[in-house]
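1. Mind folding the following:
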Amino acid sequence: QVQLVESGGGLVQAGGSLRLSCAASGRTFSSYVMGWFRQAPGKEREFVTRISRSGGITYYADSVKGRFTISRDNAKNTVYLQMNSLKPEDTAVYYCAAGPTGGSSFRAYAYWGQGTRVTVSS
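-> Numbering: from 1, shown residues only. Presented below is the predicted three-dimensional model:
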């Protein structure tokens, strides 16, 4: 079992930055691929980014490439999402997720946090 708790969401103006954190419980954090997804009002949950177990491989959705950066600290059982140059269309609830193999589908992730809301004003 892995429990995930996100933090760092809030209200920011377009062009601004936010850093989300996701703290995981348990001693097996480094055995999971970690991902970030988001869900805007009235839309389906969508993949944002993922990071390999060691942190050496990352993958981003085209919509956030070059603006968002995922990282992880296995010693702290935490994954981060640095979001720069935010746009109003980035407004959503952001979820972190853990899975044994990862991927771009939410079905690849077994554990989910409760989400943290990000609102980008124009």
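
2. all strands of this structure, in order?
-> 4-7, 10-13, 18-24, 33-39, 46-51, 58-60, 68-73, 78-83, 92-99, 111-112, 116-121 (DSSP state E).

3. closest one to residue 105 among these?
-> Of all the strands of the chain, it is strand 46-51 that lies closest to residue 105, at 7.3 Å by C-beta to C-beta. Where C-beta positions appear, they are placed from N, C-alpha and C, glycine not excepted.

4. pull the CA atoms of the closest one into PDB?
-> In PDB, the C-alpha atoms belonging to strand 46-51 read as follows (Å, rounded to 0.1, in the frame of the first residue of the first chain):
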ATOM      1  CA  GLU A  46      -5.500  13.600 -18.500                       C
ATOM      2  CA  PHE A  47      -1.800  12.600 -18.300                       C
ATOM      3  CA  VAL A  48       0.700  15.300 -17.600                       C
ATOM      4  CA  THR A  49       4.000  13.700 -16.900                       C
ATOM      5  CA  ARG A  50       5.700  10.600 -15.400                       C
ATOM      6  CA  ILE A  51       9.100   9.800 -14.000                       C
END
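
5. Check what pLDDT residue 56 gets.
-> Per-residue pLDDT puts residue 56 at 95.

6. Quick check: it vs residue 71, distance?
-> 11 Å (C-beta to C-beta, to the nearest Å).

7. Those two: who's more crowded?
-> Ranked by neighbour count (other C-beta atoms under 10 Å), residue 56 and residue 71 place residue 71 first, with 14 against 7.

8. unless I'm mixing things up, the more buried one is touching residue 78, no?
-> No. Here residue 71 lies out of contact with residue 78, judged by C-beta atoms under 8 Å, at a distance of 9.2 Å.

9. Point to the residue nearest the middle of the protein.
-> What sits nearest the mean C-alpha location of the chain, by C-alpha atoms, centre = their mean, is residue 36, with 2.5 Å.

10. If we ignore the residues flanking it in sequence, what's nearest that one?
-> residue 48 (4.3 Å; C-beta to C-beta, 6 or more residues apart in numbering).
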